[in-house]
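Participant: coordinates only, no sequence provided:
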């Protein structure tokens, strides 16, 4: 604690010596940031909430009429919207579970003494550094039934990954797993390297088996960081748009974000799409809250 | 004192700079269009205009997938980034009733464009509402859906013999939809990586509608009554049901993975030796006769959308009219450009550059019809075209069509009748929502 205070004082005094007092820092950096957030985040959020109660269409010059909860009522009674939510939920579960399984599995393998571990880790991180659009187009070629390398490598002939309504969602999820498992791997590696070695040594002295060691030592200690990975990836998977939009046009892979985009920017149903965005926002907040509560419980153990 | 003098000089300088800038702006026009070859031809035509008048024309483009979104975002913001827009025919309702387009009725009547332009182009690219005599655009790029085919496959003596033996008539350019289907089936050979036909299947904007319409209209079906907005009994009529089944049948003979295909993929079907026949807008055919972009250019032929079982022959309309954006600061200058554009000699230049003129006289001329291997088919088609709804809520209607028809065409459950009944119900509800029907 004493060290922290001294460091803080040192920083303050150094700032003061350069002529930057606390007030200057507040005026130069904090207030503009808060203003920026209000103008570009908070204000549009409130403004769109207002629109969600109107029949406003941005493509016309007609004024917005207040329709109360009509948009919310219509959306929640629309079977297509519920189908989009069901598709999204299925996608989130497959995608996040896959990333967790692959990412954590690879991290376990990398958490050993293996040659060229650093290079291998860096190479494995490459997919998540690519742009979503590039990944989408790249995998579209890989999945191509006529000249895609996946069918050729697996000997699947002209198997249709993206054109088959039953397969399209899995194909998109597989691509997402490929892209984002490295993220889970990275977090898992950090968690695994933080597990005290003496616990494993004690387990070895007690002749504990690998399963016992994994379930009683490794998993409980890495669980909080895995939960953080799950929260991030769930939120991102819920919002997935570009990957699914580029890869397929199957209605069975029409995620809620794609439906929202079409409603807002192709059909110009501005009021209704604002309402839809709020429904999605509330759902993401609710899911995240559940996760965070669970995360706190895991931490307390 | 020095400060005051400096301030005054700076102010004068700024005023002069602004004045010069405004003056320079008056001598330029920006036209917004999608990114494709005709936009490049329009830029070349614009360069001619600049040589003649000194007014710089810039054709700004964006990919087709962004075109509608970007244009309407600018309209909604009442922005003046574009002085003219070459908007899709479906936009007429939204563009006119939304106040985004300048009313060109007086201009249209003054230059008697009703007589000058091909009738279908006036009806679908310029007038809204239908038969109202109100015009919002000048027909610019005529376009419709036609077909390309592999002449070498069709003319191979062995193939001809085998086809005759199987179907009992000669293998040739399809005379009707039945022949189209037979030929597609005949060339469907997955083991040889050869397939019968390439059709539009993408469901993200209007591809599915444009593709299906070719079967619908030629089978004698209709989307609905354009005057009363009655759809029940039209879009789900017996003829429409037969047309949907015919389109679904064609999908069976497409290359594998053909469930998100539009103009790019359909041209690739010919250039990559995938399909015997391919549906596409005529505006995308120039690259098929260019050996640099199509190794099969010499062996590529073209034909108009064939008639249906009752002899009806129509095609889905593509193409666009050019409109003046109502938020433009240079509407007078834009009007002068349109006056120049509609002149006979300009229309001839436009056609010579590769643009599809809508001028009836130029279309009829032997020079135009013999200029390319597909111009004759284009000319024939442009007098037999029909279009999608142009009402302001067209995008919702398109979305409903995609949601209903797409799953059925690519092999989904149910029957064509159930699919079209459901679509009729969707459209009816939408028209009710917007007060067009009771």
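Facilitator: Done, it's in. Remember, it's a predicted structure, so these values are computed and weren't measured experimentally.
Participant: got the contact list for the residue most central in space within chain B?
Facilitator: Ranked by distance to the mean C-alpha position of chain B (CA atoms, centre = their mean), the top residue is residue B:318 at 2.0 Å. Neighbour list for residue B:318: B:143, B:144, B:145, B:210, B:281, B:282, B:283 [criterion: CB atoms under 8 Å, 6 or more residues apart in numbering or on different chains]. No exception for glycine: its C-beta is placed from N, CA and C like everyone else's.
Participant: phi, psi for it please.
Facilitator: With angles defined as degrees, to the nearest 10, residue B:318 sits at phi -110, psi -150.
Participant: where are the low-confidence patches of the chain?
Facilitator: Defaulting to chain A. Applying pLDDT under 70 to chain A flags residues A:1-18, A:301.
Participant: that's the wrong chain, I wanted chain B
Facilitator: B:1-26.
Participant: which stretches of chain B form strands?
Facilitator: Per DSSP state E, chain B carries strands over the ranges B:28-34, B:56-62, B:84-88, B:138-141, B:145-150, B:195-198, B:275-281, B:300-304, B:315-316, B:320-324, B:385-386.
Participant: export the ones you listed to TSV and tack on distance to chain A and mean neighbour count?
Facilitator: Formatted as TSV, the strands of chain B follow (distance: least, CB to the nearest CB, whole Å; neighbours: other CB atoms under 10 Å in any protein chain shown):
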stretch	distance to chain A	mean neighbour count
strand B:28-34	15	21
strand B:56-62	14	17
strand B:84-88	12	27
strand B:138-141	22	28
strand B:145-150	17	26
strand B:195-198	9	26
strand B:275-281	11	26
strand B:300-304	20	21
strand B:315-316	19	28
strand B:320-324	15	27
strand B:385-386	23	23
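Participant: next one: the nearest residue to the residue nearest to the centre of chain B once chain neighbours are set aside from chain A, what distance?
Facilitator: Leaving aside its chain neighbours, residue B:318 sits nearest to residue B:143 (3.4 Å; criterion: CB to CB, 6 or more residues apart in numbering or on different chains). According to CB to the nearest CB, to the nearest Å, residue B:143 and chain A sit 21 Å apart.
Participant: about what we covered before: pipe the strands of chain B into TSV and attach distance to residue B:40 per row.
Facilitator: Formatted as TSV, these follow (distance: least, CB to CB, whole Å):
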stretch	distance to residue B:40
strand B:28-34	10
strand B:56-62	8
strand B:84-88	13
strand B:138-141	12
strand B:145-150	21
strand B:195-198	25
strand B:275-281	16
strand B:300-304	21
strand B:315-316	24
strand B:320-324	15
strand B:385-386	24
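Participant: of those strands, give the one that comes closest to residue A:185.
Facilitator: Shortest separation from residue A:185 across the strands of chain B is recorded for strand B:56-62, at 38.4 Å, computed as CB to CB.
Participant: other residues contacting that closest one?
Facilitator: By CB under 8 Å, 6+ apart, strand B:56-62 touches B:27-36, B:39-40, B:42-43, B:45-47, B:49-50, B:70, B:82, B:337.
Participant: next one: stretch B:160-169
Facilitator: B:154, B:170, B:171, B:179, B:182, B:183, B:186.
Participant: what's the closest of those residues to chain A?
Facilitator: Nearest to chain A among the contacts of stretch B:160-169: residue B:186, at 19.1 Å, using CB to the nearest CB.
Participant: pretty sure the closest one is touching residue B:179, no?
Facilitator: No - contact between residue B:186 and residue B:179 fails when scored by CB atoms under 8 Å: they sit 10.1 Å apart.
Participant: hey, what's in contact with both of those two?
Facilitator: Joint contacts of residue B:186 and residue B:179 (CB under 8 Å, 6+ apart) do not exist.
Participant: which of the residues in stretch A:156-176 are buried?
Facilitator: For stretch A:156-176, burial by neighbour count (16 or more other CB atoms under 10 Å in any protein chain shown) applies to A:159-165, A:167-176.
Participant: to clarify, my last question referred to stretch A:48-59.
Facilitator: For stretch A:48-59, the buried set under the neighbour-count rule, 16+ other CB under 10 Å, comprises A:48, A:51, A:52, A:53, A:54, A:55, A:56, A:57, A:58, A:59.
Participant: give me every residue that touches the third one.
Facilitator: Just to be clear, that refers to residue A:52. Counting by CB under 8 Å, 6+ apart, residue A:52 has contacts A:71, A:72, A:271, A:272, A:274, A:275, A:277, A:278.
Participant: mind listing what the fourth one touches?
Facilitator: Contact partners of residue A:272, counting by CB under 8 Å, 6+ apart, are A:52, A:55, A:71, A:74, A:75, A:263.
Participant: need those in JSON lines (columns: distance to residue B:119 and secondary structure).
Facilitator: Listed next are the contacts of residue A:272 as JSON lines, based on distance: CB to CB, whole Å; DSSP: H, G, I helix; E, B strand; the rest coil:
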{"residue": "A:52", "distance to residue B:119": "45", "secondary structure": "coil"}
{"residue": "A:55", "distance to residue B:119": "37", "secondary structure": "coil"}
{"residue": "A:71", "distance to residue B:119": "42", "secondary structure": "helix"}
{"residue": "A:74", "distance to residue B:119": "41", "secondary structure": "helix"}
{"residue": "A:75", "distance to residue B:119": "43", "secondary structure": "helix"}
{"residue": "A:263", "distance to residue B:119": "36", "secondary structure": "helix"}
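Participant: picking up where we left off before, how much space between the residue nearest to the centre of chain B and residue B:43?
Facilitator: Taking CB to CB, to the nearest Å as the measure, residue B:318 and residue B:43 are separated by 20 Å.
Participant: and what of residue B:329?
Facilitator: On the measure of CB to CB, residue B:329 and residue B:43 end up 22 Å apart.
Participant: quick one: which of those two has more around it?
Facilitator: Counted by other CB atoms under 10 Å in any protein chain shown, residue B:329 and residue B:43 do not tie: residue B:43 has more neighbours, with 17 against 13.
Participant: about what we covered before: can you tell me which of the contacts of residue B:318 is nearest residue A:283?
Facilitator: Minimum distance to residue A:283 across the contacts of residue B:318 is 35.6 Å, recorded for residue B:210 (CB to CB).
Participant: got a list of what that closest one touches?
Facilitator: Taking CB under 8 Å, 6+ apart, we find residue B:210 in contact with B:145, B:200, B:316, B:318, B:388.
Participant: any figure for the gap between it and residue B:335?
Facilitator: Residue B:210 is 32 Å from residue B:335, by CB to CB.
Participant: excluding its backbone neighbours, what's nearest residue B:374?
Facilitator: residue B:302 (3.8 Å).
Participant: for that neighbour, what are its contacts?
Facilitator: Residue B:302 sits in contact with B:146, B:147, B:148, B:149, B:285, B:373, B:374, B:377, where contact means CB under 8 Å, 6+ apart.
Participant: residue B:136: what's it in contact with?
Facilitator: B:92, B:95, B:96, B:101, B:102, B:103, B:104, B:126, B:127, B:128, B:321, B:323.
Participant: weed out the non-buried ones from those.
Facilitator: Buried among those (16+ other CB under 10 Å): B:92, B:95, B:96, B:101, B:102, B:104, B:126, B:127, B:128, B:321, B:323.
Participant: got the phi and psi for the closest residue to chain A within the stretch 101-250 of chain B?
Facilitator: Going by CB to the nearest CB, chain A is nearest to residue B:203 of the stretch 101-250 of chain B, at 4.8 Å. Dihedral angles of residue B:203 (phi, psi; degrees, to the nearest 10) stand at phi -120, psi 20.
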